[in-house]
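Engineer: need coordinates for the following:
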Amino acid sequence: MKDNCKVKNIFLSLLQDENVRRELKSVYEFMKSDTPQEQFLPTRVTATPLVQIPDDYWKLKAENEKLQGELDQQKSAYDDLKEKYDNKLKDYQEEMGKYIDLENNYNSLKKEYDNFFAQARQAFCSYQELVKDNENLKAYFHQADDLEAFICNASQSAILAPLWQMMAKAVTRQDNETRILQALQTIFDCCLVLVNNAREINEHYERLNTSIGDEQDTRTQIFHDGPAQGVVQQVLLQGYRNKYKDNIEKKSLVILG
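Structural biologist: Below you'll find the model as predicted:
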């Protein structure tokens, strides 16, 4: 009861306000009128599109999708071609590497070939110079009268021993025929190369390496003049051996002291 009185007092105090009375009167007049209340409701707003869609949008969209499909096909074809190109490039680089190796081998062999024939021609010239006055030498090479025949005969291992004997005679002569000895050395060295390249590996020959100051060694040395003991004072002629059989074919001719 007390609360109702309080509300009543508040209401009466509000009625004393001119503005409040005016508003209440307006509401009362509205309630009495026949005006449809719908006209006071908010009007529906129709949204206007921000972007106007062109009439040919769907056609353009279809064409774009078609072009995108063609682009994907072209990209796939490009990727396939690039893969093939990369593979071909790799193959080319491998083949080029092989070619370079072959070219290097060829150049190396050609250099050896040129050096060999230069040595062979020099030996043949020495042979031609000596054979005029040496029938034995001519017989060892079976009357060779050209470079080809000389090389064929010089490739026989049987020619090494008689050539070495000829050099030993030349080096021990009192008149010491240096020109003849040098020519025979040139021929012998060439024959050694030819024999080693023409024969099996177990017939590979090489010069001995006897040096001044070496101790006396009857297995590898022949003593010329002087004492047969002491150390090597002079190497007159290097011997040679079969490298793989380790056979001393000819001993080195030395002077001890």
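
Engineer: going forward, measure contacts between C-alpha atoms and count neighbours the same way
Structural biologist: Will do.

Engineer: and the helices in this structure?
Structural biologist: For the chain, the helices defined by DSSP state H occupy 2-15, 18-32, 57-131, 135-140, 147-154, 160-172, 178-198.

Engineer: how about those helices in JSON lines, adding mean neighbour count, distance to Tyr205 and mean pLDDT?
Structural biologist: Output for these, formatted as JSON lines (neighbours: other C-alpha atoms under 10 Å; distance: least, C-alpha to C-alpha, whole Å; pLDDT from 0 to 100):
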{"stretch": "helix 2-15", "mean neighbour count": "10", "distance to Tyr205": "140", "mean pLDDT": "59"}
{"stretch": "helix 18-32", "mean neighbour count": "11", "distance to Tyr205": "138", "mean pLDDT": "66"}
{"stretch": "helix 57-131", "mean neighbour count": "13", "distance to Tyr205": "17", "mean pLDDT": "89"}
{"stretch": "helix 135-140", "mean neighbour count": "15", "distance to Tyr205": "19", "mean pLDDT": "87"}
{"stretch": "helix 147-154", "mean neighbour count": "18", "distance to Tyr205": "14", "mean pLDDT": "91"}
{"stretch": "helix 160-172", "mean neighbour count": "17", "distance to Tyr205": "10", "mean pLDDT": "90"}
{"stretch": "helix 178-198", "mean neighbour count": "19", "distance to Tyr205": "6", "mean pLDDT": "90"}
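
Engineer: for those, which one sits closest to Asp214?
Structural biologist: Closest approach to Asp214 among these (C-alpha to C-alpha): helix 160-172, 20.2 Å.

Engineer: what does the closest one rub up against?
Structural biologist: Identification of contacts with helix 160-172 by C-alpha atoms under 8 Å, 6 or more residues apart in numbering yields 137, 176-178, 180-181, 184-185, 188, 191-192, 236-237, 249-250, 253.

Engineer: that's all I had, so thanks and see you.
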